[in-house]
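Enquirer: return a 3D structure for these sequence lines:
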Amino acid sequence: MIYLLLQTEYWPYIEGFFNWVSESAGIFVLLSGIVAMSWFGFELVRRGSFFKRKSEKESTLSKLLKIALRIVSYSGVVVGILDVWAGSMGLILNIPPSFAYGAINANADHFTCIFLIVVGIAMFFKPINDLPLASIIGLLAGTAAAAILAALIPPGWEVIIAEWINPKLLLIIVLIVVAAVVALTAKFYIGVLQAISKFLSWPPIALVIGVFGLVQGILLWGFGISIFMNIL
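Expert: Residues are numbered from 1 along each chain as shown. Model (predicted):
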């Protein structure tokens with residue numbers, strides 16, 4: 001059985017799945033609405049009200065509800081990646097957001113594509129705000145730079161380099177410098193994205209995104225129409 005699994009060609013299935021995602025932006029708008037509503041519920045429970053920061057006491061029900069909403073919110077990492085893919089492919093390849101929409105209009109719905117890209121990025125960063133992403137990226141970049149430098153050094157040059165500096169010390173310096181530069185650069189851009197994610201998860205904004213995602217997703221998926229297509 002294991003041998004048969006190892007012999008299976010998985011790439012056609014993976015390619016087929018991502019092709020389906022590209023053609024099903026409407027479904028992911030709907031899923032994004034569900035995740036945004038989980039943001040709304042989680043922040044509402046955490047703050048204790050629509051605008052306040054956090055209540056003094058929490059019931060057992062609210063704790064259980066927070067866990068459930070957090071699980072849905074964390075699933076937004078996967079949904080966010082697929083959102084960005086669906087939105088990007090829709091814009092690049094001019095793909096309609098659903099099969100029902102394509103039967104009426106053969107072009108992409110640009111607002112839906114942009115909505116998916118923006119919300120998808122926010123969904124990806126929302127659950128991982130506490131992770132030191134900049135440091136992780138910097139460390140990976142520094143390690144990769146040191147490994148590439150070590151691989152590119154021609155045979156025999158270690159002796160020449162050793163006359164000036166210990167080759168191992170050189171690799172360590174390269175790792176530290178590259179890691180620091182990349183980490184500082186990534187920290188700025190990641191901070192901006194995390195700030196946007198935090199703003200979009202603020203209960204009033206999350207409620208608007210959630211309601212829009214649910215309505216727009218149902219219209220695209222079920223009826224083949226877009227809110228903005230009809231308004232404009």
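Enquirer: tell me the helix or strand right after the one helix or strand residue 16 maps to.
Expert: Taking DSSP states H and E as the criterion, residue 16 maps to helix 11-22. Tracing the chain C-terminally past helix 11-22 and defining elements by DSSP H and E, one meets helix 25-47 next.
Enquirer: on that earlier part again, return the alpha-carbon coordinates of the helix holding residue 16 using CSV.
Expert: Written as CSV, here are the backbone C-alpha positions of helix 11-22 (Å, rounded to 0.1, in the frame of the first residue of the first chain):
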residue,chain,number,x,y,z
TRP,A,11,1.1,16.9,-9.3
PRO,A,12,-2.0,16.7,-11.5
TYR,A,13,-4.2,16.8,-8.5
ILE,A,14,-2.3,19.7,-7.0
GLU,A,15,-2.5,21.6,-10.3
GLY,A,16,-6.2,20.8,-10.7
PHE,A,17,-6.9,22.1,-7.2
PHE,A,18,-5.1,25.4,-7.7
ASN,A,19,-6.9,25.8,-11.1
TRP,A,20,-10.2,25.3,-9.3
VAL,A,21,-9.2,27.9,-6.7
SER,A,22,-8.4,30.4,-9.5
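Enquirer: any buried residues in that helix, and which?
Expert: Of the residues in helix 11-22, 21-22 count as buried by neighbour count, 16 or more other C-beta atoms under 10 Å. The way it works is simple: take the backbone N, C-alpha and C, and place the C-beta from them, glycine included.
Enquirer: for the helix or strand containing residue 186, list every residue counted as buried.
Expert: Using DSSP H and E, residue 186 sits within helix 167-200. Using 16+ other C-beta under 10 Å as the test for burial, helix 167-200 gives 167, 170-171, 174-175, 178-179, 182-183, 186-187, 190, 193-194, 197, 200.
Enquirer: leaving out chain neighbours, which residue sits closest to residue 216?
Expert: Nearest non-adjacent residue to residue 216, counting by C-beta to C-beta, 6 or more residues apart in numbering: residue 29, 5.1 Å away.
Enquirer: gap between the one you found and residue 125?
Expert: 19 Å (C-beta to C-beta, to the nearest Å).
Enquirer: state the mean pLDDT of the helix holding residue 186.
Expert: Averaging pLDDT along helix 167-200 yields 75.
Enquirer: residue 31 against residue 78, yeah?
Expert: No: the criterion here is C-beta atoms under 8 Å, and residue 31 misses it with residue 78 at 9.7 Å.
Enquirer: neighbour count: the two, which is higher?
Expert: Taking other C-beta atoms under 10 Å, residue 31 and residue 78 do not tie; residue 31 has more neighbours (22 against 13).
Enquirer: confidence score at the more buried one?
Expert: Residue 31 is given a pLDDT of 91.
Enquirer: for the nearest residue in space to it that is not next to it in sequence, give me its contacts.
Expert: Among residues not flanking residue 31 along the chain, residue 79 sits closest, at 5.2 Å (C-beta to C-beta, 6+ apart). For residue 79, the contact set (C-beta atoms under 8 Å, 6 or more residues apart in numbering) comprises 28, 31-32, 35, 120, 123.
Enquirer: and the gap between residue 196 and residue 147?
Expert: Residue 196 is 33 Å from residue 147, by C-beta to C-beta.
Enquirer: repeat that for residue 88.
Expert: For residue 88 relative to residue 147 (C-beta to C-beta), the value is 30 Å.
Enquirer: repeat for residue 72
Expert: 39 Å.
Enquirer: higher neighbour count, residue 29 and residue 125?
Expert: For residue 29 and residue 125, the more surrounded residue by other C-beta under 10 Å is residue 29, and the numbers stand at 31 against 24.
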